[in-house]
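next come a sequence and a model predicted from it.
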Number of protein chains: 2
Amino acid sequence: MPYPAKLSPTAILEEARRQLEDGGAEALTMRTLAEALQVRPSSLYRHYPDRAALLAALEDHAVSALHTALVQASSDQSGRAALEAAAHAYLEYARVHPHLYGLLLAPKPPYVAGPGPGKDLWNFVLERVEAITGQRDDTAAAVAVWAFLHGFAVLERSGQFGASGPRGGFERGLSALIDGLSARRG
Amino acid sequence: MPYPAKLSPTAILEEARRQLEDGGAEALTMRTLAEALQVRPSSLYRHYPDRAALLAALEDHAVSALHTALVQASSDQSGRAALEAAAHAYLEYARVHPHLYGLLLAPKPPYVAGPGPGKDLWNFVLERVEAITGQRDDTAAAVAVWAFLHGFAVLERSGQFGASGPRGGFERGLSALIDGLSARRG
DNA sequence: GTCTATACTCTGATAGAC
DNA sequence: GTCTATCAGAGTATAGAC
């Protein structure tokens, strides 16, 4: 090695994340990426086989970051308070990193039940929900909560909720969902 | 007019819908579209200013179709039964027309509160939800229900729910949500 | 007015020299 | 590991035939 490598997978990933967060997935092209790294586009292919692999790596990063955020937000709480704290942290992550979050549930394989970091995230949600419903392996309830969280995040991202009321829909829906799910253990 | 026009906006739209439903948004290119219509790509631009306009037209179609499906599914019912029937029809539409449905909530302007056919759809959901909660203009509750429906549709589309359990999450979540929302009028 | 022909720019990706 | 050179395919714009 006559000279240190200009590129490394992590350096590429960092710049890619920057461009994605700035301008969305469309703004992340191999050419702009190479230019920012002062390298020719084809050089990137020595570190990532194609653009899809780069996006997949970014998705893994997002899953881990989201998981960490949820754990931190709810670590010092339990029961309903823990689930609510995690839910707010979930929405907050989707707000702060909309394009990164947008990678998460693209029409692709899983992540629920898939190997990799997504499993931790799923298990975390499952545990928090189980604490509410009192049932073990309560997949149905966890799916319901996740669906609500994701749906609200997408609705919000797609523009409508202005300064007006609908934002209250999150608290309202979350409460209703938790009430309805936990009431079942009667 | 010496000869009948080979193209018309509706003919283009029909073929575009076909290609979209077959292979998703990526498969719908101006070139393949022109080929199927036996025309040069640039001819399409006499009828639609650009590809985005075509997708917007397809989205309008999807909104109308979804609205119609919801109305038909719940027309002969009322109260909770009507909402549940509409919810199932919503999910069914997303299953049968995944790519068309995928156009609906792309990160774009509205459709809630926006002019055009989307408003009818929103108002319909709002009415059905109000019948449950007993409050007028209960935007928060309607947003909560819509978020759940959309979130579940996306989760399902992204692959995980195999033959196993999670499908029960829809009934479970819908019941819990309705219970929690209607209990509020105590 | 409708469509054809052509070309421009941008994308992701590959082959082979060094 | 990075380069040069090059490719095929995308969307799009314009000039002109009929």
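Happy to help now that I have it.

pLDDT weak spots in chain A?
Residues of chain A meeting the criterion pLDDT under 70: A:1-4, A:108-117, A:160, A:162-165, A:183-186.

just give me the longest helix of chain A.
helix A:51-74 (DSSP state H).

list the helices and strands it packs on?
helix A:9-23, helix A:79-96, helix A:98-104, helix A:118-133 (3 or more C-beta pairs under 8 Å, 6 or more residues apart in numbering or on different chains; DSSP states H and E). Any C-beta I mention is one placed from the backbone N, CA and C, and that applies to glycine too.

so which of these comes closest to chain B?
helix A:98-104 (7.1 Å; C-beta to the nearest C-beta).

how about the residues of chain A near DNA strand C?
A:28-32, A:41-42, A:45, A:49-52 (C-beta under 7 Å from any atom of the strand).

so whichever strand or helix holds A:Arg172 versus helix A:118-133, what angle?
Using DSSP states H and E, A:Arg172 sits within helix A:168-182. Going by axes from the mean of the first three to the mean of the last three C-alpha atoms, to 10 degrees, helix A:168-182 is angled at 70 degrees with respect to helix A:118-133.

what lies in contact with helix A:168-182?
Applying C-beta atoms under 8 Å, 6 or more residues apart in numbering or on different chains, the contact partners of helix A:168-182 are A:80, A:83-84, A:87, A:91, A:129, A:132-134, A:141, A:144-145, A:148, A:152, B:139-145, B:147-148, B:172-173, B:175-181, B:183-184.

overlap between those and the residues near DNA strand D?
The subset of the contacts of helix A:168-182 within reach of DNA strand D, by C-beta under 7 Å from any atom of the strand, is empty.

make a PyMOL selection of the buried ones in those.
To isolate the buried members of the contacts of helix A:168-182 in PyMOL, using 16 or more other C-beta atoms under 10 Å in any protein chain shown:
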select buried, (chain A and resi 83+84+87+91+129+132+133+141+144+145+148+152) or (chain B and resi 139+140+141+142+143+144+145+147+148+172+173+175+176+177+178+179+180+181+184)
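
domain assignment for chain A?
The record's domain parsing of chain A by automatic domain parsing lists A:1-48, A:56-185.

who's in contact with the closest residue to A:Leu149 other than its chain neighbours?
Spatial nearest neighbour of A:Leu149, chain neighbours left out: A:Tyr90 (5.0 Å); criterion: C-beta to C-beta, 6 or more residues apart in numbering or on different chains. Going by C-beta under 8 Å, 6+ apart, A:Tyr90 touches A:66, A:69-70, A:149, A:153.

A:Ala86 too?
Residues counted as contacts of A:Ala86 (C-beta under 8 Å, 6+ apart) are A:70, A:73-74, A:124-125, A:128.

can you rerun that using 7 Å?
Counting by C-beta atoms under 7 Å, 6 or more residues apart in numbering or on different chains, A:Ala86 makes contact with A:70, A:73-74, A:128.

picking that back up, quick one: is the longest helix of chain A near DNA strand D?
No. Using C-beta under 7 Å from any atom of the strand, helix A:51-74 stays clear of DNA strand D, coming no nearer than 12.9 Å.

using CSV, write down the CA coordinates of that helix.
Presented in CSV, the C-alpha positions along helix A:51-74 are these (Å, rounded to 0.1, in the frame of the first residue of the first chain):
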residue,chain,number,x,y,z
ARG,A,51,-26.3,1.5,-4.7
ALA,A,52,-28.9,-0.8,-3.2
ALA,A,53,-26.2,-2.2,-0.9
LEU,A,54,-25.5,1.3,0.3
LEU,A,55,-29.1,2.0,1.0
ALA,A,56,-29.4,-1.3,2.9
ALA,A,57,-26.5,-0.3,5.0
LEU,A,58,-28.1,3.0,5.7
GLU,A,59,-31.3,1.2,6.7
ASP,A,60,-29.4,-1.0,9.1
HIS,A,61,-28.0,2.2,10.6
ALA,A,62,-31.4,3.7,11.0
VAL,A,63,-32.8,0.6,12.6
SER,A,64,-30.0,0.6,15.2
ALA,A,65,-30.4,4.3,15.9
LEU,A,66,-34.1,4.0,16.3
HIS,A,67,-33.7,1.1,18.6
THR,A,68,-31.3,3.0,20.7
ALA,A,69,-33.6,6.0,20.9
LEU,A,70,-36.5,3.9,22.1
VAL,A,71,-34.4,2.1,24.7
GLN,A,72,-33.0,5.3,26.1
ALA,A,73,-36.4,7.1,26.2
SER,A,74,-38.1,4.3,28.1
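
list the buried residues in it.
Across helix A:51-74, burial judged by 16+ other C-beta under 10 Å covers A:51, A:54-55, A:57-63, A:65-67, A:69-70, A:73-74.

quick one on the thing from earlier: can you check which of the helices and strands packed on helix A:51-74 gets nearest to B:Arg18?
B:Arg18 lies closest, by C-beta to C-beta, to one member of the helices and strands packed on helix A:51-74: helix A:98-104, at 27.4 Å.
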